[in-house]
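J.: the following comprises the amino acid sequence and a computationally predicted model.
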2 protein chains.
Amino acid sequence: MSRRAFQDYAKPSVAVDLVLMTVRAGRLAALLQRREGEAEAGKWALPGGFVGIDESLDGAAARVLAEKARMAGAWVEQLYTFGAPARDRRGRVISVAYFALLPEERFADALSAAGDLMLADVAVDWAGQTGGPARALDGGGGRLPLAFDHADILGLAVKRLRGKLDYSGIAFALLPELFTLRELQQVHEAILGATLNKPAFRRRLLAGGRLEATGRREAGTGFRPAELFRHIRLEERI
Amino acid sequence: MSRRAFQDYAKPSVAVDLVLMTVRAGRLAALLQRREGEAEAGKWALPGGFVGIDESLDGAAARVLAEKARMAGAWVEQLYTFGAPARDRRGRVISVAYFALLPEERFADALSAAGDLMLADVAVDWAGQTGGPARALDGGGGRLPLAFDHADILGLAVKRLRGKLDYSGIAFALLPELFTLRELQQVHEAILGATLNKPAFRRRLLAGGRLEATGRREAGTGFRPAELFRHIRLEERI
DNA sequence: TTGACTTATACGCATGATGCTTATAAGCAT
DNA sequence: ATGCTTATAAGCATCATGCGTATAAGTCAA
(Lines give C-alpha, C1' and ligand atoms only; values in the text may rest on other atoms or scores of the structure.)
Protein backbone atom coordinates (compact mmCIF):
# COMPACT_ATOMS: atom_id res chain seq x y z
CA MET A 1 0.00 0.00 0.00
CA SER A 2 1.73 3.21 -1.11
CA ARG A 3 1.21 6.20 1.07
CA ARG A 4 2.06 9.85 0.65
CA ALA A 5 2.28 12.39 3.43
CA PHE A 6 -1.05 14.13 3.61
CA GLN A 7 0.54 17.48 2.84
CA ASP A 8 1.26 16.29 -0.70
CA TYR A 9 -2.32 16.24 -1.86
CA ALA A 10 -3.90 19.16 -3.66
CA LYS A 11 -6.14 20.81 -1.12
CA PRO A 12 -9.56 22.32 -1.53
CA SER A 13 -10.50 25.69 -0.15
CA VAL A 14 -12.83 25.58 2.83
CA ALA A 15 -15.41 28.26 3.46
CA VAL A 16 -18.27 28.88 5.84
CA ASP A 17 -21.62 30.18 4.63
CA LEU A 18 -24.16 31.60 7.04
CA VAL A 19 -27.90 31.25 6.81
CA LEU A 20 -29.04 34.11 9.03
CA MET A 21 -32.78 34.01 9.31
CA THR A 22 -35.52 35.94 10.96
CA VAL A 23 -39.27 36.23 10.79
CA ARG A 24 -40.57 39.41 9.22
CA ALA A 25 -44.27 40.09 8.82
CA GLY A 26 -45.07 36.46 9.48
CA ARG A 27 -42.63 35.11 6.91
CA LEU A 28 -39.19 33.59 7.08
CA ALA A 29 -36.47 35.81 5.69
CA ALA A 30 -32.71 35.44 5.28
CA LEU A 31 -29.78 37.77 4.84
CA LEU A 32 -28.30 37.70 1.32
CA GLN A 33 -25.40 39.48 -0.29
CA ARG A 34 -25.29 40.58 -3.91
CA ARG A 35 -22.25 39.19 -5.68
CA GLU A 36 -19.97 41.22 -7.91
CA GLY A 37 -16.81 40.50 -9.80
CA GLU A 38 -15.35 37.09 -10.28
CA ALA A 39 -18.13 34.54 -10.16
CA GLU A 40 -21.89 34.49 -10.14
CA ALA A 41 -22.00 38.26 -10.44
CA GLY A 42 -25.43 39.75 -9.93
CA LYS A 43 -26.72 36.73 -8.11
CA TRP A 44 -27.47 36.62 -4.42
CA ALA A 45 -25.41 34.56 -2.01
CA LEU A 46 -25.33 33.74 1.66
CA PRO A 47 -22.73 35.75 3.57
CA GLY A 48 -19.61 33.66 3.83
CA GLY A 49 -15.87 33.61 3.95
CA PHE A 50 -12.88 31.34 3.85
CA VAL A 51 -11.71 29.51 6.93
CA GLY A 52 -8.33 30.68 8.18
CA ILE A 53 -5.60 28.10 8.50
CA ASP A 54 -5.53 28.47 12.29
CA GLU A 55 -9.18 29.18 12.77
CA SER A 56 -11.84 26.74 13.92
CA LEU A 57 -14.97 26.32 11.82
CA ASP A 58 -17.10 27.80 14.56
CA GLY A 59 -14.57 30.61 14.83
CA ALA A 60 -14.78 31.34 11.12
CA ALA A 61 -18.56 31.40 11.37
CA ALA A 62 -18.36 33.84 14.28
CA ARG A 63 -15.94 36.04 12.36
CA VAL A 64 -18.14 36.17 9.27
CA LEU A 65 -21.08 36.89 11.54
CA ALA A 66 -19.26 39.85 13.04
CA GLU A 67 -17.55 41.19 9.90
CA LYS A 68 -20.15 40.70 7.22
CA ALA A 69 -23.35 40.67 9.19
CA ARG A 70 -22.32 42.87 12.14
CA MET A 71 -24.01 40.54 14.56
CA ALA A 72 -21.22 39.45 16.89
CA GLY A 73 -22.37 37.15 19.63
CA ALA A 74 -25.33 35.43 18.05
CA TRP A 75 -25.69 31.69 18.47
CA VAL A 76 -24.91 29.89 15.23
CA GLU A 77 -25.16 26.19 14.68
CA GLN A 78 -23.53 23.98 12.08
CA LEU A 79 -25.97 22.80 9.43
CA TYR A 80 -24.26 20.66 6.77
CA THR A 81 -21.18 20.60 4.61
CA PHE A 82 -21.52 21.02 0.87
CA GLY A 83 -18.73 19.69 -1.26
CA ALA A 84 -19.76 18.96 -4.83
CA PRO A 85 -16.64 19.49 -6.97
CA ALA A 86 -18.37 21.85 -9.39
CA ARG A 87 -20.32 23.92 -6.90
CA ASP A 88 -17.97 26.90 -7.45
CA ARG A 89 -16.68 27.47 -10.96
CA ARG A 90 -13.51 29.16 -9.71
CA GLY A 91 -12.10 26.05 -8.09
CA ARG A 92 -12.68 23.49 -5.44
CA VAL A 93 -14.49 25.06 -2.53
CA ILE A 94 -16.03 23.05 0.26
CA SER A 95 -18.52 25.03 2.28
CA VAL A 96 -19.54 24.36 5.85
CA ALA A 97 -22.98 25.91 6.26
CA TYR A 98 -24.13 27.38 9.56
CA PHE A 99 -27.46 28.81 10.49
CA ALA A 100 -28.91 31.09 13.12
CA LEU A 101 -32.24 32.66 13.92
CA LEU A 102 -32.23 36.29 15.05
CA PRO A 103 -34.72 39.05 15.76
CA GLU A 104 -35.27 41.38 12.84
CA GLU A 105 -33.71 44.36 14.65
CA ARG A 106 -30.34 42.65 14.65
CA PHE A 107 -30.20 42.93 10.87
CA ALA A 108 -30.55 46.72 10.90
CA ASP A 109 -26.85 47.52 11.37
CA ALA A 110 -25.72 45.29 8.55
CA LEU A 111 -28.40 46.48 6.16
CA SER A 112 -27.64 50.15 6.71
CA ALA A 113 -23.86 49.75 6.62
CA ALA A 114 -23.51 47.62 3.51
CA GLY A 115 -25.39 48.38 0.32
CA ASP A 116 -24.98 44.90 -1.11
CA LEU A 117 -26.95 43.17 1.66
CA MET A 118 -30.65 42.52 1.74
CA LEU A 119 -33.12 40.67 3.86
CA ALA A 120 -35.09 38.51 1.45
CA ASP A 121 -38.22 36.49 2.04
CA VAL A 122 -37.65 32.76 1.91
CA ALA A 123 -40.25 30.38 0.50
CA VAL A 124 -40.27 26.64 0.03
CA ASP A 125 -42.44 24.50 -2.22
CA TRP A 126 -42.71 21.63 0.21
CA ALA A 127 -44.65 21.05 3.40
CA GLY A 128 -43.41 19.86 6.76
CA GLN A 129 -39.95 18.36 6.67
CA THR A 130 -40.00 16.98 3.17
CA GLY A 131 -36.92 18.93 2.19
CA GLY A 132 -35.75 20.48 -1.04
CA PRO A 133 -34.44 23.82 -2.27
CA ALA A 134 -35.79 27.18 -1.17
CA ARG A 135 -36.52 30.31 -3.15
CA ALA A 136 -35.57 33.85 -2.24
CA LEU A 137 -38.07 36.59 -3.03
CA ASP A 138 -37.80 40.35 -3.26
CA GLY A 139 -40.41 42.69 -1.81
CA GLY A 140 -42.78 42.25 -4.73
CA GLY A 141 -42.65 38.46 -4.72
CA GLY A 142 -40.19 38.28 -7.62
CA ARG A 143 -37.64 35.54 -7.51
CA LEU A 144 -34.04 36.47 -6.67
CA PRO A 145 -31.41 34.33 -8.40
CA LEU A 146 -29.28 32.49 -5.88
CA ALA A 147 -25.58 31.86 -6.43
CA PHE A 148 -23.81 28.50 -6.27
CA ASP A 149 -25.84 25.83 -4.46
CA HIS A 150 -27.23 28.33 -2.00
CA ALA A 151 -30.83 27.44 -2.80
CA ASP A 152 -30.09 23.97 -1.45
CA ILE A 153 -28.36 25.36 1.63
CA LEU A 154 -31.27 27.66 2.32
CA GLY A 155 -33.76 24.82 1.87
CA LEU A 156 -31.86 22.56 4.22
CA ALA A 157 -31.77 25.34 6.81
CA VAL A 158 -35.55 25.65 6.65
CA LYS A 159 -35.94 21.90 7.02
CA ARG A 160 -33.57 21.72 9.98
CA LEU A 161 -35.24 24.71 11.59
CA ARG A 162 -38.63 23.06 11.37
CA GLY A 163 -37.24 19.88 12.82
CA LYS A 164 -35.64 21.59 15.77
CA LEU A 165 -38.52 23.87 16.53
CA ASP A 166 -40.34 21.58 18.92
CA TYR A 167 -37.64 20.34 21.19
CA SER A 168 -35.14 23.20 21.08
CA GLY A 169 -35.60 26.71 22.34
CA ILE A 170 -34.80 28.09 18.91
CA ALA A 171 -38.02 30.04 18.44
CA PHE A 172 -37.29 32.15 21.49
CA ALA A 173 -34.23 33.56 19.74
CA LEU A 174 -36.63 35.61 17.64
CA LEU A 175 -38.52 37.15 20.51
CA PRO A 176 -37.66 39.86 23.02
CA GLU A 177 -37.06 39.07 26.67
CA LEU A 178 -40.80 39.28 27.38
CA PHE A 179 -43.36 38.04 24.91
CA THR A 180 -46.93 36.79 24.70
CA LEU A 181 -48.09 33.33 23.73
CA ARG A 182 -49.64 34.82 20.61
CA GLU A 183 -46.29 36.18 19.48
CA LEU A 184 -44.65 32.83 20.18
CA GLN A 185 -47.31 31.04 18.17
CA GLN A 186 -46.89 33.44 15.26
CA VAL A 187 -43.18 32.64 15.19
CA HIS A 188 -43.88 28.91 15.15
CA GLU A 189 -46.40 29.32 12.36
CA ALA A 190 -44.02 31.34 10.24
CA ILE A 191 -41.29 28.76 10.59
CA LEU A 192 -43.54 25.79 9.98
CA GLY A 193 -45.45 27.45 7.18
CA ALA A 194 -48.70 26.25 8.70
CA THR A 195 -51.31 27.46 11.14
CA LEU A 196 -51.55 25.89 14.58
CA ASN A 197 -54.43 25.29 16.93
CA LYS A 198 -54.40 27.96 19.60
CA PRO A 199 -55.60 26.14 22.74
CA ALA A 200 -53.44 23.14 21.93
CA PHE A 201 -50.40 25.32 21.38
CA ARG A 202 -51.00 27.13 24.69
CA ARG A 203 -51.42 23.94 26.64
CA ARG A 204 -48.41 22.25 25.11
CA LEU A 205 -46.04 25.14 25.62
CA LEU A 206 -47.24 25.92 29.13
CA ALA A 207 -46.92 22.26 30.10
CA GLY A 208 -43.42 22.18 28.63
CA GLY A 209 -42.03 23.91 31.70
CA ARG A 210 -39.83 26.28 29.73
CA LEU A 211 -42.04 29.33 30.08
CA GLU A 212 -42.12 31.55 33.14
CA ALA A 213 -45.22 33.68 33.64
CA THR A 214 -44.35 37.21 34.68
CA GLY A 215 -47.79 38.43 35.78
CA ARG A 216 -47.24 41.49 33.60
CA ARG A 217 -49.27 42.25 30.49
CA GLU A 218 -48.54 43.72 27.11
CA ALA A 219 -49.65 47.31 26.51
CA GLY A 220 -51.20 49.37 23.75
CA THR A 221 -52.95 46.56 21.97
CA GLY A 222 -56.42 47.93 21.36
CA PHE A 223 -57.84 44.72 22.77
CA ARG A 224 -57.40 42.64 25.86
CA PRO A 225 -53.65 42.48 26.59
CA ALA A 226 -52.08 39.07 26.99
CA GLU A 227 -49.77 38.01 29.76
CA LEU A 228 -46.04 38.36 29.16
CA PHE A 229 -43.83 35.30 29.51
CA ARG A 230 -40.11 34.76 29.78
CA HIS A 231 -38.12 31.84 28.37
CA ILE A 232 -36.38 29.55 30.84
CA ARG A 233 -33.05 28.74 29.21
CA LEU A 234 -31.49 25.30 29.41
CA GLU A 235 -28.00 24.36 28.36
CA GLU A 236 -27.77 22.80 24.93
CA ARG A 237 -25.23 20.62 23.18
CA ILE A 238 -24.47 20.10 19.52
CA MET B 1 -11.97 46.42 1.68
CA SER B 2 -8.89 44.58 0.45
CA ARG B 3 -9.51 41.26 -1.17
CA ARG B 4 -7.22 38.48 -2.27
CA ALA B 5 -8.12 35.76 -4.72
CA PHE B 6 -9.24 32.77 -2.73
CA GLN B 7 -6.43 30.66 -4.10
CA ASP B 8 -3.93 32.73 -2.12
CA TYR B 9 -4.99 31.49 1.29
CA ALA B 10 -3.26 28.61 3.02
CA LYS B 11 -5.62 25.69 2.73
CA PRO B 12 -6.48 23.01 5.22
CA SER B 13 -6.58 19.33 4.34
CA VAL B 14 -10.06 17.86 4.18
CA ALA B 15 -10.75 14.28 5.15
CA VAL B 16 -13.76 12.06 5.61
CA ASP B 17 -14.09 9.76 8.61
CA LEU B 18 -16.63 6.95 8.66
CA VAL B 19 -18.56 5.73 11.66
CA LEU B 20 -19.61 2.28 10.49
CA MET B 21 -21.83 0.74 13.10
CA THR B 22 -23.69 -2.44 13.69
CA VAL B 23 -25.44 -4.23 16.52
CA ARG B 24 -23.62 -7.29 17.82
CA ALA B 25 -24.99 -9.36 20.68
CA GLY B 26 -27.41 -6.60 21.59
CA ARG B 27 -24.78 -3.89 21.71
CA LEU B 28 -23.72 -1.12 19.38
CA ALA B 29 -20.33 -1.67 17.79
CA ALA B 30 -18.21 0.32 15.35
CA LEU B 31 -15.36 -0.43 12.98
CA LEU B 32 -12.01 0.97 14.16
CA GLN B 33 -8.55 0.92 12.66
CA ARG B 34 -5.35 0.74 14.66
CA ARG B 35 -3.01 3.60 13.83
CA GLU B 36 0.67 3.21 13.15
CA GLY B 37 3.42 5.57 12.13
CA GLU B 38 3.10 9.29 12.07
CA ALA B 39 0.52 10.35 14.57
CA GLU B 40 -1.51 8.81 17.36
CA ALA B 41 0.25 5.47 16.86
CA GLY B 42 -1.31 2.64 18.78
CA LYS B 43 -4.60 4.40 19.21
CA TRP B 44 -7.77 3.45 17.43
CA ALA B 45 -9.34 5.63 14.76
CA LEU B 46 -12.35 5.67 12.53
CA PRO B 47 -11.56 4.57 8.98
CA GLY B 48 -11.01 7.67 6.93
CA GLY B 49 -9.15 9.24 4.08
CA PHE B 50 -8.44 12.53 2.39
CA VAL B 51 -10.87 14.02 -0.08
CA GLY B 52 -9.53 14.13 -3.61
CA ILE B 53 -9.42 17.50 -5.32
CA ASP B 54 -12.02 16.43 -7.88
CA GLU B 55 -14.00 14.18 -5.62
CA SER B 56 -17.26 15.01 -3.88
CA LEU B 57 -17.52 14.50 -0.13
CA ASP B 58 -20.06 11.74 -0.61
CA GLY B 59 -17.77 10.24 -3.23
CA ALA B 60 -14.82 10.25 -0.86
CA ALA B 61 -16.96 8.58 1.78
CA ALA B 62 -17.99 5.92 -0.73
CA ARG B 63 -14.38 5.37 -1.74
CA VAL B 64 -13.19 4.96 1.85
CA LEU B 65 -16.12 2.63 2.42
CA ALA B 66 -15.03 0.48 -0.49
CA GLU B 67 -11.27 0.62 -0.02
CA LYS B 68 -10.85 0.52 3.72
CA ALA B 69 -14.02 -1.20 4.84
CA ARG B 70 -14.73 -3.29 1.74
CA MET B 71 -18.40 -2.41 1.90
CA ALA B 72 -19.11 -0.75 -1.42
CA GLY B 73 -22.70 0.23 -1.86
CA ALA B 74 -23.80 0.84 1.70
CA TRP B 75 -25.85 3.91 2.47
CA VAL B 76 -23.79 6.48 4.33
CA GLU B 77 -25.05 9.77 5.61
CA GLN B 78 -23.21 12.93 6.53
CA LEU B 79 -23.02 13.51 10.27
CA TYR B 80 -21.05 16.64 11.15
CA THR B 81 -17.85 18.41 10.26
CA PHE B 82 -15.09 18.65 12.83
CA GLY B 83 -12.59 21.44 12.38
CA ALA B 84 -10.79 22.39 15.58
CA PRO B 85 -7.35 23.65 14.51
CA ALA B 86 -5.46 21.32 16.86
CA ARG B 87 -7.46 18.16 16.31
CA ASP B 88 -4.61 16.62 14.30
CA ARG B 89 -1.06 17.37 15.46
CA ARG B 90 0.36 16.95 11.98
CA GLY B 91 -1.37 19.97 10.53
CA ARG B 92 -4.71 21.46 9.81
CA VAL B 93 -7.18 18.72 8.96
CA ILE B 94 -10.90 19.29 8.71
CA SER B 95 -12.87 16.08 8.87
CA VAL B 96 -16.33 15.53 7.48
CA ALA B 97 -17.80 12.64 9.44
CA TYR B 98 -20.23 10.17 7.89
CA PHE B 99 -22.09 7.33 9.48
CA ALA B 100 -23.84 4.18 8.41
CA LEU B 101 -25.53 1.23 10.03
CA LEU B 102 -24.86 -2.20 8.56
CA PRO B 103 -25.54 -5.83 9.38
CA GLU B 104 -22.68 -7.53 11.18
CA GLU B 105 -21.96 -9.88 8.26
CA ARG B 106 -20.91 -6.96 6.10
CA PHE B 107 -17.91 -6.39 8.37
CA ALA B 108 -16.54 -9.89 7.83
CA ASP B 109 -14.60 -9.14 4.64
CA ALA B 110 -12.85 -6.14 6.06
CA LEU B 111 -11.98 -7.83 9.32
CA SER B 112 -10.48 -10.87 7.66
CA ALA B 113 -8.59 -8.91 4.99
CA ALA B 114 -6.98 -6.25 7.16
CA GLY B 115 -5.30 -7.08 10.44
CA ASP B 116 -5.46 -3.54 11.78
CA LEU B 117 -9.26 -3.38 11.81
CA MET B 118 -11.54 -4.38 14.63
CA LEU B 119 -15.19 -4.19 15.47
CA ALA B 120 -15.34 -2.63 18.93
CA ASP B 121 -18.26 -2.26 21.28
CA VAL B 122 -19.42 1.30 21.71
CA ALA B 123 -20.74 2.60 25.01
CA VAL B 124 -21.96 5.98 26.09
CA ASP B 125 -22.32 7.43 29.58
CA TRP B 126 -25.45 9.36 28.83
CA ALA B 127 -29.08 8.42 28.33
CA GLY B 128 -31.42 9.31 25.51
CA GLN B 129 -30.19 12.11 23.31
CA THR B 130 -28.20 14.02 25.88
CA GLY B 131 -25.03 13.77 23.81
CA GLY B 132 -21.36 13.56 24.69
CA PRO B 133 -18.36 11.40 23.82
CA ALA B 134 -18.49 7.64 23.44
CA ARG B 135 -16.10 4.96 24.61
CA ALA B 136 -14.79 2.03 22.59
CA LEU B 137 -14.38 -1.28 24.39
CA ASP B 138 -12.49 -4.44 23.57
CA GLY B 139 -13.97 -7.87 24.08
CA GLY B 140 -13.23 -7.91 27.78
CA GLY B 141 -14.77 -4.53 28.48
CA GLY B 142 -11.41 -2.74 28.54
CA ARG B 143 -11.27 0.75 27.16
CA LEU B 144 -9.62 1.26 23.77
CA PRO B 145 -7.84 4.61 23.37
CA LEU B 146 -9.35 6.62 20.55
CA ALA B 147 -7.28 8.85 18.28
CA PHE B 148 -7.87 12.53 17.55
CA ASP B 149 -11.39 13.67 18.46
CA HIS B 150 -12.90 10.39 17.40
CA ALA B 151 -14.57 9.81 20.77
CA ASP B 152 -16.63 12.93 20.06
CA ILE B 153 -17.42 11.80 16.51
CA LEU B 154 -18.51 8.40 17.77
CA GLY B 155 -20.66 9.97 20.48
CA LEU B 156 -22.35 12.29 18.03
CA ALA B 157 -23.06 9.34 15.74
CA VAL B 158 -24.80 7.52 18.58
CA LYS B 159 -26.83 10.60 19.39
CA ARG B 160 -27.87 11.14 15.78
CA LEU B 161 -28.70 7.48 15.38
CA ARG B 162 -31.01 7.57 18.37
CA GLY B 163 -32.67 10.68 17.07
CA LYS B 164 -33.31 9.24 13.62
CA LEU B 165 -34.44 5.86 14.81
CA ASP B 166 -38.12 6.63 15.12
CA TYR B 167 -38.91 8.41 11.90
CA SER B 168 -36.32 6.96 9.55
CA GLY B 169 -36.03 3.41 8.34
CA ILE B 170 -32.48 3.20 9.66
CA ALA B 171 -33.01 0.22 11.96
CA PHE B 172 -34.02 -1.94 9.01
CA ALA B 173 -30.52 -1.57 7.59
CA LEU B 174 -29.37 -3.97 10.29
CA LEU B 175 -31.86 -6.69 9.53
CA PRO B 176 -32.14 -9.21 6.74
CA GLU B 177 -34.87 -8.99 4.12
CA LEU B 178 -37.28 -10.87 6.37
CA PHE B 179 -37.30 -10.37 10.12
CA THR B 180 -39.54 -10.71 13.14
CA LEU B 181 -40.88 -7.95 15.34
CA ARG B 182 -38.78 -9.32 18.18
CA GLU B 183 -35.60 -8.88 16.15
CA LEU B 184 -36.64 -5.38 15.18
CA GLN B 185 -37.31 -4.50 18.80
CA GLN B 186 -33.92 -5.87 19.86
CA VAL B 187 -32.25 -3.60 17.33
CA HIS B 188 -34.13 -0.60 18.64
CA GLU B 189 -33.23 -1.46 22.20
CA ALA B 190 -29.55 -1.82 21.38
CA ILE B 191 -29.46 1.55 19.67
CA LEU B 192 -31.43 3.35 22.34
CA GLY B 193 -29.65 1.65 25.19
CA ALA B 194 -32.99 1.03 26.87
CA THR B 195 -35.69 -1.61 26.98
CA LEU B 196 -39.01 -1.00 25.28
CA ASN B 197 -42.52 -2.14 26.04
CA LYS B 198 -43.40 -5.04 23.77
CA PRO B 199 -47.11 -4.54 23.04
CA ALA B 200 -46.61 -0.81 22.56
CA PHE B 201 -43.68 -1.36 20.21
CA ARG B 202 -45.70 -3.87 18.18
CA ARG B 203 -48.69 -1.61 17.88
CA ARG B 204 -46.70 1.45 16.98
CA LEU B 205 -44.60 -0.23 14.30
CA LEU B 206 -47.53 -2.10 12.78
CA ALA B 207 -49.60 1.07 12.69
CA GLY B 208 -46.69 2.91 11.05
CA GLY B 209 -47.50 1.35 7.71
CA ARG B 210 -43.90 0.56 6.85
CA LEU B 211 -44.07 -3.14 7.63
CA GLU B 212 -45.44 -5.74 5.27
CA ALA B 213 -46.57 -9.04 6.78
CA THR B 214 -45.43 -12.01 4.74
CA GLY B 215 -47.54 -14.75 6.33
CA ARG B 216 -44.36 -16.79 6.69
CA ARG B 217 -42.80 -17.68 10.03
CA GLU B 218 -39.28 -18.02 11.35
CA ALA B 219 -37.94 -21.54 11.83
CA GLY B 220 -35.84 -23.45 14.33
CA THR B 221 -36.64 -21.35 17.34
CA GLY B 222 -37.39 -23.87 20.04
CA PHE B 223 -40.53 -21.93 20.82
CA ARG B 224 -43.45 -20.53 18.93
CA PRO B 225 -42.08 -18.96 15.74
CA ALA B 226 -43.00 -15.37 15.01
CA GLU B 227 -44.29 -14.01 11.76
CA LEU B 228 -41.75 -12.62 9.30
CA PHE B 229 -42.11 -9.06 8.08
CA ARG B 230 -40.59 -7.07 5.28
CA HIS B 231 -39.70 -3.38 5.31
CA ILE B 232 -41.56 -1.12 2.90
CA ARG B 233 -38.94 1.31 1.63
CA LEU B 234 -39.69 4.97 1.07
CA GLU B 235 -37.46 7.48 -0.66
CA GLU B 236 -35.43 9.63 1.67
CA ARG B 237 -33.68 12.96 1.36
CA ILE B 238 -30.82 14.48 3.24
C1' DT C 1 -49.60 -38.61 22.09
C1' DT C 2 -49.62 -35.60 25.74
C1' DG C 3 -48.47 -32.00 28.63
C1' DA C 4 -45.04 -28.61 30.10
C1' DC C 5 -42.65 -24.71 28.43
C1' DT C 6 -41.62 -20.54 25.83
C1' DT C 7 -42.73 -16.91 23.07
C1' DA C 8 -46.21 -14.70 19.84
C1' DT C 9 -50.26 -12.33 19.48
C1' DA C 10 -54.61 -10.21 20.94
C1' DC C 11 -57.32 -7.66 24.18
C1' DG C 12 -58.62 -4.47 27.75
C1' DC C 13 -57.96 -0.61 30.55
C1' DA C 14 -55.92 3.66 32.50
C1' DT C 15 -53.48 7.69 31.36
C1' DG C 16 -51.93 11.53 28.94
C1' DA C 17 -51.53 14.42 24.69
C1' DT C 18 -54.04 16.70 21.19
C1' DG C 19 -57.79 18.89 18.13
C1' DC C 20 -61.78 21.35 18.57
C1' DT C 21 -65.76 23.91 20.45
C1' DT C 22 -67.84 26.84 23.70
C1' DA C 23 -67.96 29.94 27.51
C1' DT C 24 -66.18 33.63 30.21
C1' DA C 25 -62.85 37.50 31.19
C1' DA C 26 -60.58 41.81 30.28
C1' DG C 27 -59.02 45.54 28.07
C1' DC C 28 -60.14 49.45 24.48
C1' DA C 29 -63.09 52.68 21.75
C1' DT C 30 -67.28 54.87 21.08
C1' DA D 1 -72.49 51.53 29.50
C1' DT D 2 -72.09 48.85 25.22
C1' DG D 3 -69.97 46.50 21.77
C1' DC D 4 -65.54 45.02 19.78
C1' DT D 5 -61.46 42.05 19.93
C1' DT D 6 -58.57 38.97 21.89
C1' DA D 7 -57.09 36.23 26.13
C1' DT D 8 -57.93 32.54 28.94
C1' DA D 9 -60.39 28.57 30.82
C1' DA D 10 -63.09 24.47 30.60
C1' DG D 11 -65.17 20.49 28.48
C1' DC D 12 -65.22 16.69 25.37
C1' DA D 13 -63.88 13.29 21.75
C1' DT D 14 -60.06 11.00 19.84
C1' DC D 15 -55.80 8.87 19.58
C1' DA D 16 -51.23 7.18 21.20
C1' DT D 17 -48.99 4.88 24.80
C1' DG D 18 -47.77 1.97 29.01
C1' DC D 19 -48.94 -2.05 31.08
C1' DG D 20 -51.19 -6.20 32.64
C1' DT D 21 -53.50 -10.45 31.28
C1' DA D 22 -55.39 -13.98 28.45
C1' DT D 23 -55.01 -17.00 24.63
C1' DA D 24 -52.52 -19.19 20.63
C1' DA D 25 -48.98 -21.82 18.59
C1' DG D 26 -45.05 -23.70 18.19
C1' DT D 27 -40.95 -26.99 20.46
C1' DC D 28 -39.37 -30.50 23.44
C1' DA D 29 -39.29 -34.33 26.52
C1' DA D 30 -41.49 -38.13 28.53
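T.: Perfect, I can see it now.
J.: list the contacts of A:Pro47.
T.: Going by Cβ atoms under 8 Å, 6 or more residues apart in numbering or on different chains, A:Pro47 touches A:17-18, A:20, A:31-33, A:64, A:68-69, A:117. Quick note: C-beta positions are derived from backbone N, CA and C, even for glycine.
J.: just the ones of those residues in strands?
T.: Where the contacts of A:Pro47 overlap with strands, as defined by DSSP state E, the overlap consists of A:17-18, A:20, A:31-33, A:117.
J.: can you put those residues in TSV and add pLDDT?
T.: Below are those laid out as TSV (pLDDT from 0 to 100):
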residue	pLDDT
A:Asp17	98
A:Leu18	98
A:Leu20	98
A:Leu31	98
A:Leu32	98
A:Gln33	97
A:Leu117	97
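J.: related to what we said a few turns ago, ok, so of the contacts of A:Pro47, who is nearest DNA strand D?
T.: Taking Cβ to the nearest atom of the strand as the measure, A:Leu20 is the one of the contacts of A:Pro47 closest to DNA strand D, at 28.2 Å.
J.: what is the neighbour count of the closest residue to the closest one other than its chain neighbours?
T.: Spatial nearest neighbour of A:Leu20, chain neighbours left out: A:Leu31 (4.3 Å); criterion: Cβ to Cβ, 6 or more residues apart in numbering or on different chains. A:Leu31 is surrounded by 25 other residues when neighbours are defined as other Cβ atoms under 10 Å in any protein chain shown.
J.: got a list of what A:Leu31 touches?
T.: If you count contacts by Cβ under 8 Å, 6+ apart, A:Leu31 has them with A:18, A:20-21, A:46-47, A:69, A:107, A:110, A:117-120.
J.: redo that, cut-off 10 Å
T.: Applying Cβ atoms under 10 Å, 6 or more residues apart in numbering or on different chains to A:Leu31 gives the contacts A:18-22, A:44, A:46-47, A:68-69, A:71, A:100, A:102, A:106-107, A:110-111, A:117-120.
J.: distance of it from B:Glu77?
T.: 29 Å (Cβ to Cβ, to the nearest Å).
J.: ends of stretch A:39-48, what's the gap?
T.: Start and end residues of stretch A:39-48 are separated by 14 Å (Cα to Cα, to the nearest Å).
J.: stretch A:123-138 now?
T.: Terminal residues of stretch A:123-138 lie 11 Å apart, using Cα to Cα.
J.: that stretch near chain B at all?
T.: Yes: using Cβ under 10 Å from any Cβ of the partner chain, a contact is recorded between stretch A:123-138 and chain B, made by A:126, A:129-132.
J.: out of those, who's nearest A:Ser168?
T.: Looking at these and their distance to A:Ser168, the nearest is A:Gln129, at 14.3 Å (Cβ to Cβ).
J.: within the helices and strands, which one has the closest one?
T.: Assigning secondary structure by DSSP states H and E places A:Gln129 outside every helix and strand.
J.: that one and B:Leu79, how far apart?
T.: Using Cβ to Cβ, we find A:Gln129 at a distance of 18 Å from B:Leu79.
J.: more neighbours, those two?
T.: In this view A:Gln129 and B:Leu79 are compared by other Cβ under 10 Å, and B:Leu79 has more residues nearby, 22 against 14.
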